[in-house]
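Peer 1: pasting the sequence and the predicted coordinates here, then a few questions.
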Amino acid sequence: MPMIRRGAQVPARWLLLACGILAMVSTSRPAGAADESFVDVHTLPRLDGAVEDTSHPDTYRVIYTVPTALAVASDATKKLLSADGWVPYVYPLDEKSAALTFKKGRHGLRVSFTQARGRPDQSAVFYTPNRIYANVPFPDGATDLVFDETRPYLGCIAPDALDATAEFFAKDMTAMGWRKLTPETASRWPNADLGETVPNGVRAFYDHPERDTSHMYQKPVMLTLMRRDDGRTNVEIKVAPFALPQELEADDDMAGLPRPRPTKSARGLGSASSNKREISAAAIAELPAVLAFYHRELAARGWQEDGSAPLAPGDEVAIKISSAEETGVLRLGRKYDFTMISLTAQVKDSALAARAKAKKEADDRFLGDALGAAQQLIAADEARRKSQAASLSDAPLNALAGSKTPVPLPENAEGVKFEGGDGRLEFSSASSVKALSSFYRTALKSSGWKEQPSVINQPNMAVMAFAKGGKSISMTVMQMGPKVNVRADGSGLVTEAAKPAAAAEVEVQARSSEPLKPDSDSQLPVPTQRSSKSFATTKIPGGEAPLRRELTASIPAPLDDVLAFYRAELPKLGWQEKTDGAAVSADRAQIDFTSPQGPAVLKLGRAKGETTVNLAQKNSDAAAKADIMPKAGQAKLMLGNMGPNEASLTINKQTVKIAAGAGGPRSPKGPMLDLPPGKYQYALRLPGQPARTEALTVAAGEAWGLLVGPSGDVLPLQMY
């Protein structure tokens, strides 16, 4: 079934008609018949040395690999398809895209590339058909082609003089079904001015009365031809201004600032409570309509206009604005067929001081309430633990008769779970941590197992490690409520009979007949077709903007479909793919991006027949403002202590003292360290407790926090 291109917008009043047309076409077309509005990508020329990927056969896509670097493959593909009559163009506002787009007659084509993992000399090439919703003619030999097939929009430089170019469009627009508007056919638009002239050029208006699967667009367009000094002709085709909305509705706010509808793209920095916030957008409307929208919306929100601001490059309008607490600037300009919007707001110094005072008072109240509540919880928890521990038995244990596990089970073991293939054992018991630890130390020692030293041997928790004959067992015994939980794992628990057969696992990937659709309510892009999703942010205590945003999800679709989804959606947010950092294989992908907020990375994998997604974005401005930006080539480590006593932490041959309360709301900045990338063992020491050792792996450009909890546990958290 033909798929509507991702991002295409169809007016609501035509949705039912479009569905009806598609239904009639699907019932009358013979099975297996091709969609004539799509090019058969399997017939297109391929680069020398191409090897097709047939692992996922697809009528509407071809994937092949070639033994060349990414940049070489891209240039060679552009030359190859151009020689076959395909005309390359770029989308408005997407001039730096690594993907290639082409048009040939009524057909469209999109070509994308990925670099094979660990193989900079090998590239994968993707051919995907692109439906042309509104076809317009390209002059032969035209340069600087910018085209959007959904509105439509065309901008280019024709090689011929004005008269010849005008004759070309008059002929070819008619041949494609466009009709030149007359006062009679334009009567439905009362403000249409068909007699408008342009200096040193010509202008004409067209509509397309016939609509079918090859032409679904219905608004009239305006053709403008301008004579150039070099004898060539500037060409622009766009939606006729009188057919665009004259009064714009308000879309959802961004950064707490008004945004008109419709827009092609938009991004915001900050929030309604930020000291500095801004929004930039590309509105599909004429500048007077956008300006009227902001006159109305800003006044309704208590802003006043304070005269003109100096014009920046690209500006046609610049207005200073202010409210009781903020000052700002509204800038409007034109690019392609968009009105470009830039709206910034900055809190006044007087308001900043008032906010800081109110925040400090609120933080102090919060901290006092939180500490009081924490002390009550700790006291109640300690009383509960002592009460529960008193009910646990310290009596010596005997082994359970008839147990088939590699290590003995105590006679009162409950809820036993043993996975011999993975070497895991878990159960609970009514005996104490002391009794269970003594049982296993005695039983394993008598079987020839040697215990390794451990620093964790408390009344409520013990960690033990044993080794024998090259095999190992790790065991954790922990009081959990009225019972004690025992968990063990290691090669000493693996049983031969439980090992899986050597036959390769066969994974069946169901390919959806519909493209993945973005969830409009998600802060970071994720398909609506998903089995799970989680979203997390990290902030510095007392900070407003998140330092890092992370989305994880599981998508029931092939990896290459999910990769194509993100390569289509992320550029809409202003993200740009780093071609030198892409690594893609059949079962995993990692692509680095630059985003308006900072560096970002997309990681895809395969698990349980689905594609796993991890999408993380860092906020460089927030990190710099919080003074936690890592030095070039290094990682930053921040230390905090929510406990009542001073702690000391030793890492990378450095020992740092962490005062009680450091890194919390009252004292946000705890000690910080700069570390080279790598894996580090660290030891935490608290008064009256044995040292606790753990490991932490950091990469260049990352910022991590280690927070000591009230009970002495350490929580590692990636902050940036």
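Peer 2: Thanks, I have it.

Peer 1: now do stretch 688-702: everything it contacts.
Peer 2: Contact with stretch 688-702 is made by 455-457, 599, 630, 633-637, 651, 675, 677-685, 704, 706, 712, 714, 716, 718, 720, as judged by CB atoms under 8 Å, 6 or more residues apart in numbering. All C-beta spots, glycine's among them, are computed from the backbone N, C-alpha and C.

Peer 1: now for whichever strand in the chain runs longest, which elements pack on it?
Peer 2: Longest strand of the chain, by residue count under DSSP state E: strand 119-130. Counting contacts by 3 or more CB pairs under 8 Å, 6 or more residues apart in numbering; DSSP states H and E, strand 119-130 packs against strand 62-66, helix 70-83, strand 107-116, helix 559-569.

Peer 1: and the contacts of stretch 688-702, which of them are in strands?
Peer 2: Cross-referencing these against strands under DSSP E gives 457, 599, 635-637, 651, 675, 678-685, 704, 706, 714, 716, 718.

Peer 1: now the helices and strands packed on strand 119-130 as TSV including mean neighbour count and mean pLDDT?
Peer 2: What follows is these, written out as TSV (neighbours: other CB atoms under 10 Å; pLDDT from 0 to 100):
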stretch	mean neighbour count	mean pLDDT
strand 62-66	20	93
helix 70-83	16	95
strand 107-116	21	91
helix 559-569	22	91
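
Peer 1: Throw these into CSV and include distance to Val433, thanks.
Peer 2: Formatted as CSV, those follow (distance: least, CB to CB, whole Å):
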stretch, distance to Val433
strand 62-66, 57
helix 70-83, 57
strand 107-116, 52
helix 559-569, 45
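
Peer 1: quick check: angle from whatever helix or strand comes next after the longest strand of the chain to strand 107-116?
Peer 2: Counting by DSSP states H and E, the element after strand 119-130 in chain order, helix or strand, is strand 143-148. If you take axes from the mean of the first three to the mean of the last three CA atoms, to 10 degrees, strand 143-148 sits at 100 degrees to strand 107-116.

Peer 1: quick one: buried residues of strand 143-148?
Peer 2: In terms of neighbour count (16 or more other CB atoms under 10 Å), strand 143-148 has its buried residues at Leu145, Val146, Phe147, Asp148.

Peer 1: I'd like the distance between Val111 and Ser82.
Peer 2: Distance of Val111 to Ser82, computed by CB to CB, to the nearest Å: 12 Å.

Peer 1: brain fart, Asp363
Peer 2: Asp363 sits 62 Å away from Ser82, going by CB to CB.

Peer 1: how about Val407, what does it touch?
Peer 2: Going by CB under 8 Å, 6+ apart, Val407 touches Leu425, Tyr440, Ala443, Leu444, Ile473, Ala488, Gly492, Leu493.

Peer 1: how close does it get to Asn652?
Peer 2: Per CB to CB, Val407 is found 37 Å from Asn652.

Peer 1: show me where the stretch 401-550 of the chain has helices.
Peer 2: Secondary structure of the stretch 401-550 of the chain (DSSP state H, counting those that start in this stretch): helices at 433-446.

Peer 1: actually the stretch 601-720 of the chain, sorry about that
Peer 2: Using DSSP H, counting those that start in this stretch, the helices of the stretch 601-720 of the chain run over 620-625.
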